[in-house]
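**Q** no sequence on this one, just coordinates:
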């Protein structure tokens, strides 16, 4: 397995040879080349030490306890597993594709804590794995505290076959102020009814203010077949808080579904006037509100 070949290389600490060209350059150019190499040289990850026989048995036992349904007890064994050090990484990688709903998340959290940001070669290899669990681990590692240099890596996950992986990549890009994955966030928001999860989906959207255009939303807000997606698009626009895309809200006033029209009215109230959402006791109240906004100069012009 390629993951473990790479682990062996990392553990052995193999050094690459200095290119022979460096020895035939003029002194000044040679010195400049050495400076460039030192500047561009990435720090090596800490080696992955072998586990002692005792610790290996502990790790195997802790793996079983990671299946516990009690989240507090499960987290306590995650802490114990991580305390054994980086030597447990190969074992965790081997079990990362488990289908057990509690154990899979626990393993991913352990690996996220144990893998160093300097493990880029290993992470790059795992990102191409056929195992969704390993790809999820990589995207979580990059997306949780992303850096500008991680942007292109995160974008490669936007076409992943697993929706959860696409979503994590999209959220990581939002944290970097990049709207490339905005469609995935809208679709997940439309399907989510849990208030806490909805808040997590929209928490970092203000990072996109000044970086989005109507083209990011127009199709989702007006042409998507699911009215919940059209409605969620308006919520995302409000969460971002960018008035430049108000024309999309104006188009939504013409939607065939009353829920979308109501969402458009409330989105305009919030975005343009800072007013809280209102309810519409009757369809006539909704129609009146829609007509007023259609005639609003900032919308109609």
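**A** Sure, I can see it. Worth saying up front: this structure is predicted, and the values here are computed from it rather than measured.
**Q** quick one: the helices in the stretch 201-301 of the chain?
**A** Counting by DSSP state H, counting those that start in this stretch, the stretch 201-301 of the chain has helices at residues 218-222, 227-240, 246-252, 258-273, 283-294, 297-300.
**Q** for the last one, which positions count as buried?
**A** What it means is helix 297-300. Going by neighbour count (16 or more other CB atoms under 10 Å), the buried part of helix 297-300 is residue 299. From N, CA and C alone the C-beta is placed, and that goes for glycine too.
**Q** repeat for stretch 57-67
**A** Of the residues in stretch 57-67, those buried (16+ other CB under 10 Å) are 58, 59, 62, 63, 65, 66.
**Q** again with stretch 253-267
**A** Neighbour-count burial for stretch 253-267 [16+ other CB under 10 Å]: 253, 255, 260, 261, 262, 263, 264, 265, 266, 267.
**Q** Would you pull up how far it lies from the middle of the chain?
**A** Taking CA atoms, centre = their mean, to the nearest Å, the mean C-alpha location of stretch 253-267 is offset from the chain mean by 29 Å.
**Q** Also stretch 267-274?
**A** How far stretch 267-274 lies from its chain's middle: 28 Å, per CA atoms, centre = their mean.
**Q** what would the buried residues of stretch 57-67 look like in JSON lines with pLDDT and secondary structure?
**A** Converted to JSON lines, these look like this (pLDDT from 0 to 100; DSSP: H, G, I helix; E, B strand; the rest coil):
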{"residue": "58", "pLDDT": "96", "secondary structure": "helix"}
{"residue": "59", "pLDDT": "96", "secondary structure": "helix"}
{"residue": "62", "pLDDT": "96", "secondary structure": "helix"}
{"residue": "63", "pLDDT": "95", "secondary structure": "helix"}
{"residue": "65", "pLDDT": "95", "secondary structure": "helix"}
{"residue": "66", "pLDDT": "95", "secondary structure": "coil"}
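**Q** Export these to TSV and append columns for distance to residue 214.
**A** Below are the buried residues of stretch 57-67 laid out as TSV (distance: CB to CB, whole Å):
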residue	distance to residue 214
58	57
59	53
62	52
63	50
65	52
66	47
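**Q** Grab the two from the buried residues of stretch 253-267 that are most spread out in space.
**A** The distance between the two most remote of the buried residues of stretch 253-267 (CB to CB) is 13.3 Å, for 255 and 266.
**Q** Figure out the helix or strand that the spatially most central residue of the chain lives in.
**A** Centroid-nearest residue in the chain: residue 168, 2.7 Å away (criterion: CA atoms, centre = their mean). Following DSSP states H and E, one finds residue 168 within helix 163-175.
**Q** Which secondary structure elements does that helix sit against?
**A** Under the contact definition 3 or more CB pairs under 8 Å, 6 or more residues apart in numbering; DSSP states H and E, helix 163-175 sits against helix 132-144, helix 151-156, helix 182-191.
**Q** and the gap between the nearest residue to residue 283 once chain neighbours are set aside and residue 83?
**A** Leaving out its chain neighbours, the residue that sits closest to residue 283 by CB to CB, 6 or more residues apart in numbering is residue 258, at 6.6 Å. According to CB to CB, to the nearest Å, residue 258 and residue 83 sit 56 Å apart.
**Q** and if you look at residue 73?
**A** 16 Å.
**Q** Please apply the same query to residue 156.
**A** With distances taken as CB to CB, residue 156 is found 33 Å from residue 83.
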